[in-house]
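J.: sequence? don't have it. structure:
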């Protein structure tokens, strides 16, 4: 790795983050034609946890067991958070709130800038990458993540902890590394699937169509609450949703053109911190008068 | 004086410690031949015989056994290279497909061993020569599609770039470093987007492209 | 020895040199391994088997009774991941978490691998031939009525073989038992609509009022209902966005998704239903008026604890928005008067005019021998009685674990010991297998052949289950093959043409190809296409709903009086993953938090904060929950979504055997249930157990996903956001 390479990439890295006030020209010409994004409809989400189990199956996630879970060392890349209404009601008579939380693949990711060895970077197709063999386990990235969606392998799950006793190791997905001790991991928007889809599309000489690639969580979700696809493809469901909800990727504060009382329900979490996340959530709807 | 002695002993100690560690590392980015160690395979498969160049002089005398190679295309056996990430070791049926009709070598020791495996329906446990670490994916399909089908290079040249001159070997032996630095060197070369364009680009430099 | 002459500057200089040395050699240092790994080729692969490219094969999920169709990603001869089959009528390409864990059931390290014969308290392995001939010997001289076969719900060709085998033995004793099943609702449906399981159109309803039916979680066909629910919630359908009201004593997953969750005193669901009928006022049939006339809003409010205005509002809602759909679930039916509860709720559907609109007739499937025989709990009781009276000499068990799921009060384990010879077809050495004399190891669902028809049908179809890979252990067998081998002992001539269950199945399906849409097709082509889809449509005439929800004779008991010694009502809960505990050994499911409490890897006791405060219980206190028939001890969890007079504990935990993940995880609530049965159907009434709680003395930290903050967003803005439906226009959404 030459010094000039480092310098060149460093400046590109700094420039490719959306900088609103500068209206940076590089941002308009995003290097790739693909920007993976997701939209999660909280009204359709029933909190069933199918997405979470599907992620375990697809991504070789270790099951840590009760004691490690109590230490907060669970490895669920996709987790469902459950919230109650907080106005001292005697009963939660409007139900609960479920929030599927996964790596938001931020465009200005707070984790990317602080890795001491550069193990986490931004890819050309808009993902936040995590490279296991470069990671030295400083855990600074996880400290910086406002969503706390980065998970550290505190133990050697494949060998010492024997998380996959024979023959369970045969279920492991060969398209994905089985992580050893001391590396950070997180949701990758199923990059093994996006990679395969891009590979197939390239061999066939075409672009990726919407629906060619589904993340594991999206594919399992019984209510279709998760939509995933290329934000730069105007025909994709996720691009249509982002547009209809008037949520723009490079804005930290959305100015929505709506009539009063006729809100749009798309939003991003912690937008005010300006990480420019790639996941848009749609507010849960409840009829109050019932 | 004492201080200098102590310091130099410390330095020497550290250097030898580091040196012994560095000595295990293969030499950096040059590409001398025969880089990898020779690896023993269950059957000493002669690539030179199958993929090697044909010697027309041998055709003259039909009583002599044919020497030289049959110039079989790499992808005839390593058939998955153009359509899958892995080039793949040919299935046993591929070998048997030809050899079941080649009477002249049917009794030679290695062919007999081959048929032993076939009769037992047992796969041959080849040792992996070009073995990248588990956290890396190398996509054969993309490289073969680009260099062989898109750019029309000869197959042996395209495969040989990374695998070396296989047609001179019996069992394959690693001839290039196939380290990340070596791969990235090619990927970072700027070249024109196509024949007519002035825009340049280079191969994928994305971490996620190769790191699983 | 370093003396103080050595200073920090020199030390750093040395380090610097050392560091540079490493950096220089670092660029070439790689992890290229030379010849250490083996690469094994195929021997004779299929053309489509390309290394690194997964091939998808279709099959049928066997994790629960919904019978969703799945596809498995198979790479290099191993099945890696399951997805939904996009061509399925039931789940249309989607999957639940339990279904995903099907691969763990297949690769489970604790599966039984060899036939086992009891020798004292040990099991000795024996060959299949010996095992099968032992069965033959033991059946010698035993009369048909002394033989019984216990199963779960069965359908398809396994059911055919099972029935034929029992017929060959001269036995009519088939007990189809499911510990968790909507059996009371089935009976009530039969009376009210003429069918046990009508087709429910959630996607056509404007309002759904569910009396404890957890259709998004674990009731009947959750993936299918979830998809309908997604349609139901869309603002851009003609009916507009639907509204869900859930009425139950303990919040289920569906309740957590309701627009209005109404806690109700346990057992009074029927009273509330009649209260709504009363509040509907004009335009309802005379017999309904008569039945509901005493159930004024005030009286019902006193009985159920639901405010009178809420009852009236509900009635108005149902009147305004038609068609609606009213459902009766486990919460409503789990009482001694469960049938009456279910009848009152069915009456509501009738009165509201939903029958024919959101309650439809399922099509009548043609082939009666393969249609599902559903399991219920009354079967367990009659089996138990037979065993207690010493009437049985040979018992076969497949797909049931009664030693685990039977309440202690039934003394099933003791009665089981009275049966001299017990054969258990098992995947794991669970509690029932440990009581067996002979254990026959089964293929996993991903290794086995079969056909099935789910109880809840959308379009009548036959689902095919095919192996997604070679069997992992050479000595397991599919249940169809075992039954075929047993049948050949009795009716050799009839079955000798079939080499194995696969050829029997293929023959049976291909024989009927004309009826299955393959008339005139080549046998092989038809079979291959059927396998490729793993489902085939069955011809069926459109059914019709007969029966009438009649209010004649509908009487509901007054709410139960408090039992002084046991002041709280235990509501056992059924979660989507744990269910009746059959999948407790799948680690993904144990690690997957319960959606309502977020607790993992253990049982818990849900108590309303008000009740807990009265008893001085805080979260994590170990409490003893004692009924008249036993007690269990577990950690307390304060949960606002439960009626203050009730507590809840999850079913499916507390295995004493079965495997490393199941054993010792949590406590078994089935054991302490009071032996109360529904008067009409004889089903075990699971919500009729009265308990008392007392602190044991120690306290633990509850291991749960939500962390110490509970369900609080800690004042942060815009995390999980809810918006009122009148402030948002959903009709233009994508």
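T.: That came in fine, so what should we check first? Note that the coordinates shown come from a computational prediction; the quantities given were computed from them, not determined experimentally. Numbers count the residues shown, from 1 in each chain, chains lettered A, B, ... in the order given.
J.: can you list the weak-confidence ranges in the chain?
T.: Defaulting to chain A. A:1-2, A:5-32 (pLDDT under 70).
J.: that's the other chain; I wanted chain B
T.: Looking at chain B by pLDDT under 70, you get B:1-2, B:5-34, B:58-68.
J.: That one: strands as residue ranges?
T.: For chain B, the strands defined by DSSP state E cover B:125-127, B:191-192, B:200-201.
J.: mind listing the strands for the stretch 101-250 of chain C?
T.: Under the criterion DSSP state E, counting those that start in this stretch, the stretch 101-250 of chain C contains strands at C:116-119, C:122-125, C:147-151, C:174-176, C:199-200, C:207-211, C:243-248.
J.: will you turn the ones you listed into JSON lines that also has distance to residue A:94?
T.: The way it works is simple: take the backbone N, C-alpha and C, and place the C-beta from them, glycine included. Below are the strands of the stretch 101-250 of chain C laid out as JSON lines (distance: least, Cβ to Cβ, whole Å):
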{"stretch": "strand C:116-119", "distance to residue A:94": "53"}
{"stretch": "strand C:122-125", "distance to residue A:94": "53"}
{"stretch": "strand C:147-151", "distance to residue A:94": "42"}
{"stretch": "strand C:174-176", "distance to residue A:94": "40"}
{"stretch": "strand C:199-200", "distance to residue A:94": "24"}
{"stretch": "strand C:207-211", "distance to residue A:94": "15"}
{"stretch": "strand C:243-248", "distance to residue A:94": "11"}
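J.: Same list, these, but as TSV with mean pLDDT and mean neighbour count please.
T.: Formatted as TSV, these follow (pLDDT from 0 to 100; neighbours: other Cβ atoms under 10 Å in any protein chain shown):
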stretch	mean pLDDT	mean neighbour count
strand C:116-119	95	16
strand C:122-125	92	13
strand C:147-151	97	23
strand C:174-176	97	21
strand C:199-200	95	20
strand C:207-211	97	27
strand C:243-248	97	27
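J.: which phi and psi does residue C:677 have?
T.: With angles defined as degrees, to the nearest 10, residue C:677 sits at phi -130, psi 150.
J.: And for residue C:582?
T.: Here is the backbone geometry of residue C:582 (degrees, to the nearest 10): phi -70, psi -20.
J.: That one and chain A, how far apart?
T.: For residue C:582, the distance to chain A (Cβ to the nearest Cβ, to the nearest Å) stands at 16 Å.
J.: now do residue C:92
T.: From residue C:92 to chain A the distance is 9 Å (Cβ to the nearest Cβ).
J.: how deep is that residue tucked in, by neighbour count?
T.: 18 (other Cβ atoms under 10 Å in any protein chain shown).
J.: got the contact list for it?
T.: C:84, C:86, C:227 (Cβ atoms under 8 Å, 6 or more residues apart in numbering or on different chains).
J.: OK, contacts around the second one?
T.: Contacts for residue C:86 were tallied using Cβ under 8 Å, 6+ apart; they are C:71, C:92-93.
J.: can you list the residues you listed in a markdown table and add pLDDT?
T.: Formatted as a markdown table, the contacts of residue C:86 follow (pLDDT from 0 to 100):
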| residue | pLDDT |
| --- | --- |
| C:71 | 97 |
| C:92 | 95 |
| C:93 | 95 |
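J.: Looking at the residues you listed, spot the one nearest chain B.
T.: residue C:71 (20.4 Å; Cβ to the nearest Cβ).
J.: Just give the number of residues close to that closest one.
T.: 22.
J.: Now residue A:181, what are its backbone angles?
T.: Main-chain torsions, residue A:181, degrees, to the nearest 10: phi -80, psi 140.
J.: give me phi/psi at the nearest residue to it once chain neighbours are set aside?
T.: Distances taken as Cβ to Cβ, 6 or more residues apart in numbering or on different chains place residue A:156 nearest to residue A:181, at 4.0 Å, with adjacent residues excluded. Main-chain dihedrals, residue A:156, degrees, to the nearest 10: phi -90, psi 90.
J.: what's the answer for residue C:485, then?
T.: The phi/psi pair for residue C:485 (degrees, to the nearest 10) is phi -60, psi -40.
J.: swap in the one 4 residues further on?
T.: Backbone geometry at residue C:489, expressed as degrees, to the nearest 10, gives phi -70, psi -30.
J.: re earlier: which stretch among the strands of chain B comes nearest chain A?
T.: strand B:200-201 (9.8 Å).
J.: residues in contact with the nearest residue in space to residue C:574 that is not next to it in sequence?
T.: Residue nearest to residue C:574 in three dimensions, not counting chain neighbours: residue C:218, with 4.8 Å by Cβ to Cβ, 6+ apart. Counting by Cβ under 8 Å, 6+ apart, residue C:218 makes contact with C:64, C:180, C:253, C:574-576, C:579.
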